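K.L.:
how would this look folded up:
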Amino acid sequence: MELHITTINKNEKLFNHFVDIFNQIINITDETSIDKISSVIQEKLMFLGQKSLENIISHEIGTGFTETHITNSNDNAVYTYNELVSKTYISLFGPISLKRAYYYNKEKGTGIFPIEEKQHFLKDICLPEVKELICYAATIEPYAHAQEVLKTLSKIEVSTTEIQKTTKKIGNQLVLEEDELIKNPKKYKKSKKTIERMAISMDGARWIWDLADKEFPFAVQIVDWYHAKQHLYNIINSLYGDNKKKEAVIFAEKCLDLLYIGNIKDLEEFIRLKIIEMNIIDTMYDFMQIQTEIEYFKKNEKRMKYSLFKDKGYPIGSGIIEATCKQLVQLRLKRNGMKWKKEGAHCILQLRCHYLGNRWDEVKKIIWNQAA
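P.N.:
Down below sits the predicted model:
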């Protein structure tokens, strides 16, 4: 829907006349305290905005009435005009009422509003600009708090159910786009950029990598450098205990060098030579512990090419991810008394990703595309 608005600059005289009339309407008297003037002006402007928006939308798109009988393209059935039905919408200025032509098919026992098929934004009760504010508020705060924020700061009164419904609808579309990005990272374009690289940095637990294989099949997998070092220090402690003499330090530095370049084969050989040298036999507890850690490195060998990953610009530590999880997930989803279904949590997290990642323009684009 395109609206043709006359600019203020070209009609300064007309605008000034409007201001004079508006000042008469708001009727500020000498008894009106200065601290209430802004509130009075805001209240009248909101009312003026409501009526103006109602008139403009009604004039531009009409009611959807064309003729007495129409054929619905969705089911090829004939529907007969019944009546004009008013519906209340939530705008930035508050509630507005629009009339829509209602057509009814007696045989089917169902009716349609043809105007909603032409103007999709009329299907929901919130106008697009309000949907954006809802998503923004609910991205930061729980639904009940978002409701309070919208009412207090924007004078928009909307139910928590509608807030949840709106965020779910927009969030679902973001989820679909993100899933497509994950499945086809080299083909899918987002914000005019081609995503060619994706990396996951985690510890070596098998269940985590199974999840990574399922959700991010194209991603480069990296065992977190800190976790890998911890496993290496477990071996060093089994060999030397708490003894931090020079020999232990030299051995640790050599092992770390081999681990960093991803040479797990030489690392294993170097450790086994030290086991023989220190006469640690396979019946000892320490030997079994060392063997377990060696197997850990062998199973994750492809995920431990740290020097190569670093050269390619991949993160080799998960610290930044763990901090992001707190900022992204815990601050919004793990508050007292909260319970989430997977779909709802996924939608909110997608909105938070776009909010925290300075990608909010993509959210706005989806909102307005759905309204078109």
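
K.L.:
show me the contacts for T110.
P.N.:
T110 is in contact with Y104, counting by CB atoms under 8 Å, 6 or more residues apart in numbering. Every residue, glycine included, has its C-beta placed from N, CA and C.

K.L.:
what's across from it in the sheet?
P.N.:
Applying DSSP bridges to T110 gives these bridge partners: N105.

K.L.:
roughly how far apart are it and V158?
P.N.:
T110 sits 28 Å away from V158, going by CB to CB, to the nearest Å.

K.L.:
where does the protein have low pLDDT?
P.N.:
1-11, 15, 25-32, 185-196, 243-244, 282-283 (pLDDT under 70).

K.L.:
domain-wise, how is it divided?
P.N.:
The chain breaks down into these domains under automatic domain parsing: 9-60, 199-313.

K.L.:
right, so those: which one is the most enclosed?
P.N.:
Counting by mean count of other CB atoms under 10 Å, domain 199-313 has the highest mean neighbour count of these, with a mean of 15.

K.L.:
top helix in the protein by residue count?
P.N.:
helix 34-61 (DSSP state H).

K.L.:
which helices and strands sit right next to that helix?
P.N.:
Other elements packing on helix 34-61 under the criterion 3 or more CB pairs under 8 Å, 6 or more residues apart in numbering; DSSP states H and E are helix 12-26, strand 78-91, strand 94-105.

K.L.:
could you redo the last one with a cut-off of 6 Å?
P.N.:
On a contact count with 3 or more CB pairs under 6 Å, 6 or more residues apart in numbering; DSSP states H and E, helix 34-61 meets helix 12-26, strand 94-105.

K.L.:
by contact count, what packs against the following helix or strand past it?
P.N.:
Sequence-wise, the next helix or strand downstream of helix 34-61 (DSSP states H and E) is strand 69-71. Other elements packing on strand 69-71 under the criterion 3+ CB pairs under 6 Å, 6+ apart are strand 78-91.

K.L.:
residues touching the strand it packs on, excluding its own?
P.N.:
Applying CB atoms under 6 Å, 6 or more residues apart in numbering, the external contacts of strand 78-91 come out as 53, 63, 68-72, 95-100, 102-105, 112, 125-127, 130, 158.

K.L.:
now, of these, which are buried?
P.N.:
The neighbour count (16 or more other CB atoms under 10 Å) marks 53, 63, 70, 72, 96, 98-100, 102-103, 105, 112, 125-127, 130, 158 as buried among the contacts of strand 78-91.

K.L.:
residues touching A212, list them.
P.N.:
Residues in contact with A212 (CB under 6 Å, 6+ apart) are I200, Q221.

K.L.:
quick check: it vs V85, distance?
P.N.:
Using CB to CB, A212 is found at 51 Å from V85.

K.L.:
again, but for V363
P.N.:
According to CB to CB, V363 and V85 sit 31 Å apart.

K.L.:
which of the two has more residues huddled nearby?
P.N.:
Just comparing V363 and V85: by other CB atoms under 10 Å the higher neighbour count belongs to V363, 22 against 13.

K.L.:
how about that one, secondary structure?
P.N.:
In three-state terms, and counting by DSSP: H, G, I helix; E, B strand; the rest coil, V363 is helix.

K.L.:
and it, what does it touch?
P.N.:
Shown in contact with V363 (CB under 6 Å, 6+ apart): H354.

K.L.:
repeat that with 8 Å
P.N.:
The contact partners of V363, by CB under 8 Å, 6+ apart, come to E132, C135, I170, L174, L351, H354, Y355.
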